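S.K.: Next one to model:
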Amino acid sequence: MTVRPLILYPDARLHRPAGPAAAPGETLRALAADVLDTLGAVSAMGLTAIHIGQPERVVVIRLQPDEPHAVYVDPVLTWASPERATHPEGSVSMPGVVEPVERPARIRVRYRDLDGAEREEAAEGLRAACLQHEIDQLDGIFWIDRLSRLRRDRVLKRYAKLRARADA
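M.R.: Okay, the predicted model is just below:
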């Protein structure tokens, strides 16, 4: 439908938990379509409604450009394995910086689809990391909050340099 502008770090809205998504219907479908269109335009694997300024619990994921997308409405992590896995993470709201983040290797997520039907999904690997990253965003946890203080400070310095170059 519409590619919307992204909210960029350090915007405080990236640290606010999202509220519940709209009831199933045209408003929810239009929001999910906007998130999907924006996701494609910025070449991301996952995007939340928060990233485009709408504080609702909506996530769209497409790990590869040629695969179908998945929409998660009001997703909640219901189980996480004790085993851990590390994947490089970053955010379209903080472009240009990536850092490894350790998370549970396998998860289960409960959510609604766009018609309001309750669903549950198990995920592992990159899909599990992506879902956890986006659900964190819905909970007001920006990805760098998962880093040690030292690594977070380094990421912030790299990002500040990138922004200074872009503004010059």
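
S.K.: Regarding the chain, what is its longest helix?
M.R.: As assigned by DSSP state H, the longest helix anywhere in the chain is helix 149-167.

S.K.: Now do that helix: everything it contacts.
M.R.: Here helix 149-167 makes contact (CB atoms under 8 Å, 6 or more residues apart in numbering) with 9, 94-97, 99, 144-145, 147. Using the backbone N, CA and C atoms, a C-beta is placed for each residue, glycine as well.

S.K.: quick one: which of the residues you listed is nearest E56?
M.R.: When those are compared for distance to E56 (CB to CB), Y9 wins out at 19.9 Å.

S.K.: Assign the closest one to helix, strand or coil.
M.R.: Of the three states, Y9 takes coil under DSSP: H, G, I helix; E, B strand; the rest coil.

S.K.: Surely it is in contact with P95?
M.R.: No. Assessed by CB atoms under 8 Å, Y9 is found out of contact with P95, at 9.1 Å.

S.K.: Please identify which helix or strand holds E89.
M.R.: Here E89, judged by DSSP states H and E, is contained in strand 84-91.

S.K.: mind listing what's buried in that strand?
M.R.: The neighbour-count check on strand 84-91 (16 or more other CB atoms under 10 Å) flags 85, 87, 89-91 as buried.

S.K.: is it true that Y111 touches A123?
M.R.: No. Contact between Y111 and A123 fails when scored by CB under 8 Å: they sit 11.4 Å apart.

S.K.: For the two, indicate the residue with more neighbours.
M.R.: For Y111 and A123, the more surrounded residue by other CB atoms under 10 Å is Y111, and the numbers stand at 23 against 17.

S.K.: The more buried one belongs to a strand, doesn't it?
M.R.: Yes. Under three-state DSSP, Y111 sits within a strand.

S.K.: hey, where'd the strands end up in the chain?
M.R.: Using DSSP state E, the strands of the chain run over 46-48, 58-61, 70-80, 84-91, 94-104, 106-112, 118-124.

S.K.: for the shortest one, packing partners?
M.R.: For strand 46-48, the contact count by 3 or more CB pairs under 8 Å, 6 or more residues apart in numbering; DSSP states H and E identifies helix 26-41, strand 58-61, helix 125-138 as packing neighbours.
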